[in-house]
Every structure is written in C-alpha cells, then in structure tokens.
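A.B. asks: Attaching a predicted model along with its sequence, questions to come.
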Amino acid sequence: MNAIPVLNLFSQPHCSGFDPSDWNILAQHWYPVARIQDVSTTPQQVQLLDVKMALYQTESGSIHLVRDICPHRGVPLTKGWVKGEEIICPYHGLHYNTQGKCTKIPAQPELTNISDRFTLTKFPVVLKYGLVWTSLFSRNESEANFPDLDTWDSAEHQSILPPFVDISGSSGRQLEGFIDVAHFAWVHHESFASRDNPIVQKYSTVRTPYGLHTEYVSDVSNYPHGLQHLAPEGFLWKRVFDVYPPFSAILTVHFPENGILKILNACCPVSHNKTRLFVPLTRNFDTTGDLQAVYDFNAQIFSEDQDMVESQKPEELPLDITMEAHFEADRSSTTYRRILAEWGLSKRYIV
C-alpha cells in the first residue's frame, strides 16, 4: 500500500450519469479497480464513478493510481510510459514522480522550482485479495468498509482469482442479484439449481456494523449438475451472505465434510449503468483440482446473472421500497436498499 500525500481537488465529471449528491456520497467509499496481476509498467486506464485513472507500476514494483490527465495540456497519461520511478507524458515529455510532483519539463531543463500546478491528482492504493482498491475522496483506509475475506491468506484455503466480468448494468442491481436466493431455480437451472425446486425456506437477516448478515439453509446443491451425486442424501446447504455496502458482499457456502467455499462479489461502479465485477474466492477442498473448471463454472453462473441485470428496468436500484413489489424471500434485498437510503442516497434510484 502507498501513502498519498498529494491530492488535487476535483469534482464530479460533467458527463457523469450519477445524481450529483449520490456521486459525492459514493466517492467517499472504496472499490476495486483492477487485479494486481494485470498491473504493469505499461500504464492502463481504469474508470471509477466516471473518473478515468491511469494505473501503473514503477520499475521498483510499487503500484500507483493518478487521474488520467496531464495538467499541462490535458493529454491522457495512459498514452505515456514509465521510466524508472516516474511516469512520462507523451505530449511534452513532462516527468512525474510517485508523489505526483512534476520533476522535469524537457523544454525548460534549467527549471528546478516547478509550480505545484504541474501536480497530478493521486489516489490511494490498497492491495487486498489480489485486487487494487481505491477511493476518490477517502484517504483513511482504517475507516474503510472493506469486506472481510478472512480465508484469502490462510494456508488451509486455496485462493483463486478468476477474470473480471464487465456488466452493462448498475452495481446496485448486480449486488442485489448476488444476495437474492429466490432466483436460483429460475436463473441458474442450467448450472446448479432446478426449476422443480423453487421454494425458498424462511431465513434470517440482521443488521450489522458493516451492513447485513443473512443465513439461508436449503436442499439446493451448490455442486454443478454433473457433480450433484457428490452431496450426501438429505444434505442441507447453508449459505451465509455478509453484505458490505455499497457494493461488496461475501457468500460463504458450507459443503459436505466441512468444506468451505467463500466468494467475494466486489463491484467497481465504472459508471451509473456499467459495472466491473471482481470475484476472488477461496476453498478448503479440491485444492489441487482443475482451476479452469472453477473459472468456467463461475463464468457460467455470472453470465446467467448478467443477462438478468442488463435487462432490468429501471436500470438503477430503486431505494424507495414502494417502487417495486416484494415478497418474503426479498428480506435481504429490502434491508440492503434501506441501508443505502439511510446513507442519504437518492430514494428514486442508486447506480
């Protein structure tokens, strides 16, 4: 993780589709923007809440995030390159160090006291669960509501990081779909569930300091259809959802023989109707199994969800509970919506 002593204040991008008050609230929170393994000395553009950033690694290995714009003439820094510990703008060759300070203007090499106006807007970097996390406004990571994937660094659990998924839908809709247990039979009938078993047993949802906690027990197997025979007859599956608003949640699935699967659903709200989804997961069983099979199974499930999320109307998640109908199995969803509304986010909708 990197200390960030330099910050140029900025406001919501003019082209943003977010409600201005919603954007200001969401900008206080932390989100993943990339997998650590995808970062290199070649600057790449990532986007969070409509803010475009340049993500890069210096030759010493430190990772940095800056606004993807040179303060001199507005050229994206992702068109530039890294040399040593500095990123260089391709237009006039301005050099910027890891603090965002301009150290060299090649057209005026004698200039040593360079104005602070030639300073990049830097963002904090926290590395967790194989992901690069950041916040537009917050600088105190100790107060961040990071999800607690406590098995990620455990020797007894295998850590797996599949490719991210880009969804043309809002992060609120996606997160709510992840914690929805009533859609299993209808959306995931080709992967693990069955339309002949649609009943949702009553379950408990409670508020927590970090968000909400749900425990759901059913006979719906979590094995792919081709492996359903591995579950003992009569086995009941316990699924625990821990939601960390605004857009992260952890699903813990209790498998036979004390097996534990944990899936982190971590959304990056790229824009009001675009989401980049990261899904780190851990398991303490089949740890030498085929990773491609894990990637393929998760890709199938999230593809099934993606089709629903991208087709929902309104695109945004309504926080006014009266805007959509609800039944008892929606208790996790309605609790989640109420939490976001209590934050002061728009009652009409949220990303």
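C.D. replies: Now that the structure is in, tell me what you want to look at. Just so you know, these numbers come straight off a predicted model, no measurement behind them.
A.B. asks: Show me what the longest helix seen in the chain is packed against.
C.D. replies: Criterion DSSP state H: the longest helix present in the chain is helix 291-309. If contacts are counted by 3 or more Cβ pairs under 8 Å, 6 or more residues apart in numbering; DSSP states H and E, helix 291-309 sits against strand 165-167, helix 171-178, helix 184-187. (Each C-beta comes from the backbone N, C-alpha and C, glycine too.)
A.B. asks: Recalculate using a threshold of 10 Å.
C.D. replies: Packing partners of helix 291-309 (3 or more Cβ pairs under 10 Å, 6 or more residues apart in numbering; DSSP states H and E): strand 158-160, strand 165-167, helix 171-178, helix 184-187, strand 259-271, strand 274-278, strand 281-283.
A.B. asks: Send over the third one as PDB, restricted to the C-alpha atoms.
C.D. replies: What follows is helix 171-178 as a C-alpha-only set of coordinates in PDB (Å, rounded to 0.1, in the frame of the first residue of the first chain):
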ATOM      1  CA  SER A 171     -23.700  -2.100  -9.400                       C
ATOM      2  CA  GLY A 172     -26.700  -1.900  -7.100                       C
ATOM      3  CA  ARG A 173     -28.700  -4.200  -9.300                       C
ATOM      4  CA  GLN A 174     -25.800  -6.600  -9.600                       C
ATOM      5  CA  LEU A 175     -25.100  -6.700  -5.800                       C
ATOM      6  CA  GLU A 176     -28.800  -7.300  -5.000                       C
ATOM      7  CA  GLY A 177     -28.900 -10.100  -7.500                       C
ATOM      8  CA  PHE A 178     -25.900 -11.800  -5.800                       C
END
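A.B. asks: quick one on the thing from earlier: present the helices and strands packed on helix 291-309 as a markdown table; the columns should include mean pLDDT and mean neighbour count.
C.D. replies: Below are those laid out as a markdown table (pLDDT from 0 to 100; neighbours: other Cβ atoms under 10 Å):
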| stretch | mean pLDDT | mean neighbour count |
| --- | --- | --- |
| strand 158-160 | 97 | 17 |
| strand 165-167 | 97 | 18 |
| helix 171-178 | 97 | 26 |
| helix 184-187 | 95 | 17 |
| strand 259-271 | 98 | 22 |
| strand 274-278 | 98 | 23 |
| strand 281-283 | 98 | 22 |
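A.B. asks: Looking at these, which is nearest to residue 54?
C.D. replies: Using Cβ to Cβ as the measure, strand 259-271 is the one of these that comes nearest residue 54, at 15.3 Å.
A.B. asks: Tell me the spacing between residue 190 and residue 32.
C.D. replies: Going from residue 190 to residue 32 by Cβ to Cβ, to the nearest Å gives 28 Å.
A.B. asks: Ignore what I typed, I meant residue 173.
C.D. replies: For residue 173, the distance to residue 32 (Cβ to Cβ) stands at 18 Å.
A.B. asks: One more: residue 65?
C.D. replies: Between residue 65 and residue 32 the computed distance is 12 Å (Cβ to Cβ).
A.B. asks: Return every residue with contacts to both of these two.
C.D. replies: Counting by Cβ atoms under 10 Å, 6 or more residues apart in numbering, the shared contacts of residue 65 and residue 32 are 46, 48, 132, 133, 134.
A.B. asks: and the two most separated of those?
C.D. replies: Going by Cβ to Cβ, the pair spanning these furthest: 46 and 133, at 11.6 Å.
A.B. asks: overlap in contacts of those two?
C.D. replies: 32, 33, 34, 65, 268.
A.B. asks: From what I see, the last one and residue 33 are in contact.
C.D. replies: Yes: counting by Cβ atoms under 10 Å, a contact exists between residue 268 and residue 33, whose distance comes to 5.5 Å.
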